[in-house]
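**Student:** Pasting a predicted model and its sequence here:
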There are 2 protein chains.
Amino acid sequence: MSASTSDLRVLKVGICGYGTVGRGTHDLLVKNESTIARRLDCIHLTVTHVASRSLSGTVFGVGKWSTDPIEVVNDPEVDIVVEAIGGLGTAFEVVKKALSAKKNVVTANKALIATHGNELVNLASENGVRLLFESAVAGGIPILKCLREGLAANNINWLAGIINGTGNYILTEMGNRQRLFSEVLREAQALGYAEADPSFDVEGTDAAHKLAIMASIAFGMPLAFDKTYIEGISSLELDDIKYANELGYCIKHLGIARLSDQRVQMRVHPSLISSDELLASVDGVGNAVVVNADPIGSTLYSGPGAGAEATASAVVADLIDLARSPRSISQAHIVPSLGFSRLVTDFEILDIDKIESEYYLRINVEDHVGVMANITGLMEKFEISIDAVIQKEKSKNCVQIVILTQMCVEQVLNSVIAEIENLKSVRSSVVRIRVASFE
Amino acid sequence: MSASTSDLRVLKVGICGYGTVGRGTHDLLVKNESTIARRLDCIHLTVTHVASRSLSGTVFGVGKWSTDPIEVVNDPEVDIVVEAIGGLGTAFEVVKKALSAKKNVVTANKALIATHGNELVNLASENGVRLLFESAVAGGIPILKCLREGLAANNINWLAGIINGTGNYILTEMGNRQRLFSEVLREAQALGYAEADPSFDVEGTDAAHKLAIMASIAFGMPLAFDKTYIEGISSLELDDIKYANELGYCIKHLGIARLSDQRVQMRVHPSLISSDELLASVDGVGNAVVVNADPIGSTLYSGPGAGAEATASAVVADLIDLARSPRSISQAHIVPSLGFSRLVTDFEILDIDKIESEYYLRINVEDHVGVMANITGLMEKFEISIDAVIQKEKSKNCVQIVILTQMCVEQVLNSVIAEIENLKSVRSSVVRIRVASFE
């Protein structure tokens, strides 16, 4: 199986955007050239054209450079386009043009796929080319390949992931050292783990992009980012982390997708996880995804979720996959971008108040006789069973009642919370955190 | 992309052996038929011929059955052969005949691949067909796909895995409940987690088969099971598990493969793992593999490592991969069975006494003045640095000295141990357990 010179096929890669992702991809193709050559044998991947607004050609060590990424797409020599511009405007145009020009495309752009993925996947299919985006979810962890191929024999029931490293770093520090959110965030910004405007990470939009992509591939449905429920971690309080620990849980910012009875849940929010779960031990900037499927059961995939090197690892893995795909074969021989050839369009996506979950509640009350009875009485009225209760003295005349409920519908819980907040002795809004179920 | 009737291609699967793996594969193809059809669209996988020594045709619900597996191989209608016989004799013949007849083969048989894989992979390549064996390592976890494809852009530095569920169940029970090896083993046998003859699992042969397969794919070298160092868990004592815990470690039975400076280590033995490592939290019958690679860093893959359903999940994933491979494409478009097109034959495989490691030592001594000085003096003579020491009173006049060393060459450590065992006050053989490094 060794290559004679005549067999050698050179695949020319054009990179649009030369920031962290673009430069990282180029660097990796050069650095690990000999290993990649040993894997691919008769095929050589080489970067021949780079587009960047700001750098000059001599920096790249590649033949051509342009300031306009469309020139990379229009370059007849370029076989595969790597979109590393980011954002939605130019990146969207570049990917559309490249697919229309019948070029395979690799992108790390989770916002682009989550937002315009349905159109782009169709465009790729119509043009007989492929659109790959492994690096868009969980960095270097090959989670999309595992969902599409490794677990292809399974019906996927649910998945739950720590899919934002910044958020997980902040929660880990808050939990391990009892430090305030605002303080840890400032530190994370200083360390480069968090952006100057951190809302994309800590308010859950980034995680929701990734969740929408995983859910689509797991269940075989069109991307539905706009229907994902999103709740961030910026209002989490140290008390709740502490009480959760006492009850045998930790708090993580999870993306959860679940399919049951033809109905799909997609939600990003802080979640209590039993400390026995492997996912509870995933700390710092790491990412991890648990996938529960039938018949295999639960598998977990963890690793670095961000950074130039992890991202480049996944982008180049996609390039290697593309290098192995002959151009002339039919769609039936290609792994579909969204995992399934036939997507189900009519899964109902549940509103958050229709989901069922266990809940953690923290209620700030004046320490009067009968308050506990009032609260548990309301729970009973709405037929919500209680799994555990702890009571903590907060200050003079003020206690915190912490309750773990059994499974109930969120809408019903909302009604109870409203009635609890109307009690005279309840001092502030009830804190409510969902408990993640791993069954 | 929906299938018209004329596009539909039926791929006929023949199953040789109808025990746990064969029956599980057939059951899964039937049970998840609609999901698999949604993924594959124009291709239908169907079992048309089964060979089993003991069952009659009416049980299977398939067209043909034979008592001789060679009849499945010779059936001109069968496109893909699933070898689910196990062992080396008949299974080896069946796979050789199937590959020679230019049929793709899927097997779960780790012993077969570890022992005869080099010959079989070459035979597949010569015949232009594929030999896949995802289910041979870590059950349903798609670890081979991740090594071959997901991490394809990386140089893999090392991997370390809990790859025998029986052994991990026993160690978990010993550690969590301070129960003796022999007692837990009996229970595991009663629960069906361990075979009547458990030596294959607890003495490390099974793990070594899996390790050899992973190492070959990770580093791109021929299978070298016969050069794997193997040490079991049957002589592990509760004291060592307890002392390891006190030092911040737990003990797991690991398969470790490492490539550095063109030299490969492959070894299966009990290992101390820092309790901070995610791998330390993998308990019970679960499997998990950590892969450290450049540039991605460490990723971890965990899940069920055995059982009919996990195995069938991986076998059918291989069948789906084969269904997507057109017959007429060249080797360059196929992921090589061992991950690389060009295998390096001249990696030196290190003898165990050439490895470098940190070590846990337990020394039983008479409680005399100067014993500790004697021992630490010997360590100093051989330039072995000590990381931690604890001393435990075992009984009257007898103490246990527990030492964690820094990195040293095993051969040097062996010399120290020999001299320590010669000391008059040392009562029994020194217990030595390697510490797993995750750097």
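**Tutor:** In hand now; what should we look at?
**Student:** Could you use CA atoms for every contact and neighbour count after this?
**Tutor:** Fine.
**Student:** after the lowest-mean-pLDDT helix or strand in chain A, next one along is what?
**Tutor:** None of the helices or strands of chain A scores lower by mean pLDDT, DSSP states H and E than helix A:57-60, at a mean of 58. Counting by DSSP states H and E, the next helix or strand C-terminal to helix A:57-60 is strand A:64-66.
**Student:** Now do the buried residues in whichever helix or strand comes after that following strand.
**Tutor:** Using DSSP H and E, the helix or strand that follows strand A:64-66 in sequence is helix A:69-74. Buried residues in helix A:69-74, defined by neighbour count with 16 or more other Cα atoms under 10 Å in any protein chain shown: A:Pro69, A:Ile70, A:Glu71, A:Val72, A:Val73.
**Student:** Report the contact partners of the last one.
**Tutor:** Right, the one you point to is A:Val73. By Cα atoms under 8 Å, 6 or more residues apart in numbering or on different chains, A:Val73 lies in contact with A:Gly14, A:Val81, A:Val94, A:Lys97, A:Ala98, A:Ala101.
**Student:** Work out for me the element A:Val13 sits within.
**Tutor:** strand A:9-16.
**Student:** helices and strands around the helix or strand that that strand is followed by, which ones?
**Tutor:** Using DSSP H and E, the next helix or strand after strand A:9-16 towards the C-terminus is helix A:20-31. Counting contacts by 3 or more Cα pairs under 8 Å, 6 or more residues apart in numbering or on different chains; DSSP states H and E, helix A:20-31 is packed against strand A:43-51, helix A:308-324.
**Student:** would you turn those into JSON lines with distance to chain B, mean pLDDT and mean neighbour count?
**Tutor:** What follows is these, written out as JSON lines (distance: least, Cα to the nearest Cα, whole Å; pLDDT from 0 to 100; neighbours: other Cα atoms under 10 Å in any protein chain shown):
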{"stretch": "strand A:43-51", "distance to chain B": "7", "mean pLDDT": "94", "mean neighbour count": "23"}
{"stretch": "helix A:308-324", "distance to chain B": "4", "mean pLDDT": "96", "mean neighbour count": "26"}
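**Student:** how about these in TSV, adding distance to B:Glu309?
**Tutor:** What follows is those, written out as TSV (distance: least, Cα to Cα, whole Å):
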stretch	distance to B:Glu309
strand A:43-51	37
helix A:308-324	28
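**Student:** To A:Asn109, which of these lies closest?
**Tutor:** helix A:308-324 (10.6 Å; Cα to Cα).
**Student:** tell me what that closest one is packed against?
**Tutor:** Under the contact definition 3+ Cα pairs under 8 Å, 6+ apart, helix A:308-324 sits against helix A:20-31, helix A:33-40, strand A:43-51, strand A:104-107.
**Student:** contacting residues around that helix?
**Tutor:** Residues contacting helix A:308-324 (Cα under 8 Å, 6+ apart): A:11, A:20-21, A:24-25, A:28-29, A:40, A:43, A:45, A:80, A:104, A:106-108, A:130, A:132-135, A:139-142, A:304-305, B:149-154, B:295-297, B:332-335.
**Student:** Does anything pack onto whatever helix or strand comes next after that helix? Which helices or strands?
**Tutor:** The C-terminal neighbour of helix A:308-324 among helices and strands, as given by DSSP H and E, is strand A:348-349. Contacts defined by 3+ Cα pairs under 8 Å, 6+ apart place strand A:348-349 against strand A:263-274.
**Student:** Any buried residues in the strand it packs on, and which?
**Tutor:** Residues A:Val264, A:Gln265, A:Met266, A:Arg267, A:Val268, A:His269, A:Pro270, A:Ser271, A:Leu272, A:Ile273, A:Ser274 are the ones in strand A:263-274 that count as buried (16+ other Cα under 10 Å).
**Student:** wait, doesn't the third one sit right on A:Ile256?
**Tutor:** Yes: A:Met266 is in contact with A:Ile256 according to Cα atoms under 8 Å; the separation is 5.8 Å.
**Student:** between those two, what contacts are shared?
**Tutor:** Residues touching both A:Met266 and A:Ile256 (Cα under 8 Å, 6+ apart) are A:Leu211.
**Student:** List buried residues within the contacts of A:Val73.
**Tutor:** For the contacts of A:Val73, a burial check counting by 16+ other Cα under 10 Å picks out A:Gly14, A:Val81, A:Val94, A:Lys97, A:Ala98.
**Student:** tell me the pLDDT at the last one?
**Tutor:** Confidence per residue is given as pLDDT, and for A:Ala98 that number is 98.
**Student:** Contacts only, for A:Val399.
**Tutor:** A:Asn364, A:Val365, A:Glu366, A:Asp367, A:Gln391, A:Lys392, A:Glu393.
**Student:** Now for the residue nearest to the third one when sequence neighbours are not counted, how many residues are close by?
**Tutor:** Of all residues not flanking A:Glu366 in the chain, A:Cys398 sits nearest, at 4.6 Å (Cα to Cα, 6 or more residues apart in numbering or on different chains). Under the neighbour criterion other Cα atoms under 10 Å in any protein chain shown, A:Cys398 is assigned a count of 17.
**Student:** ok, now A:Lys102?
**Tutor:** A:Lys102: 19 surrounding residues under other Cα under 10 Å.
**Student:** Helix, strand, or coil at the spatially closest residue to A:Ile143 that is not a sequence neighbour?
**Tutor:** Once flanking residues are discounted, A:Ile143 sits nearest to A:Tyr301: 6.9 Å by Cα to Cα, 6+ apart. Following DSSP: H, G, I helix; E, B strand; the rest coil, the label given to A:Tyr301 is strand.
**Student:** correct me, but A:Tyr301 touches A:Val289?
**Tutor:** Yes: with contact defined as Cα under 8 Å, A:Tyr301 counts as touching A:Val289 (5.3 Å).
**Student:** Low-confidence bits of chain A, can you list those?
**Tutor:** Along chain A, the model assigns pLDDT under 70 to residues A:1-7, A:55-60, A:328-329.
**Student:** returning to what we had before: show the buried residues in the contacts of A:Val399.
**Tutor:** A:Asn364, A:Val365, A:Glu366, A:Asp367.
**Student:** Contact partners for the second one?
**Tutor:** For A:Val365, the contacting residues are A:Val371, A:Cys398, A:Val399, A:Gln400, A:Ile401, A:Ser425, A:Val426, A:Arg427, A:Ser428, taking Cα under 8 Å, 6+ apart as the criterion.
**Student:** which element is it on?
**Tutor:** Element membership of A:Val365 [criterion: DSSP H and E] is strand A:356-366.
**Student:** now that strand, how far from the chain's geometric center?
**Tutor:** Remark: strand A:356-366 is offset 27 Å from the chain centroid, using Cα atoms, centre = their mean, to the nearest Å.
**Student:** ok, now stretch A:301-314?
**Tutor:** Relative to its chain's centre, stretch A:301-314 lies at 12 Å (Cα atoms, centre = their mean).
**Student:** So which residues on the stretch 201-350 of chain A come close to chain B?
**Tutor:** The stretch 201-350 of chain A comes close to chain B at residues A:278, A:281-282, A:295-304, A:309-310, A:313-314, A:316-317, A:320-321, A:323-326, A:329, A:331-336, A:339-343, as judged by Cα under 8 Å from any Cα of the partner chain.
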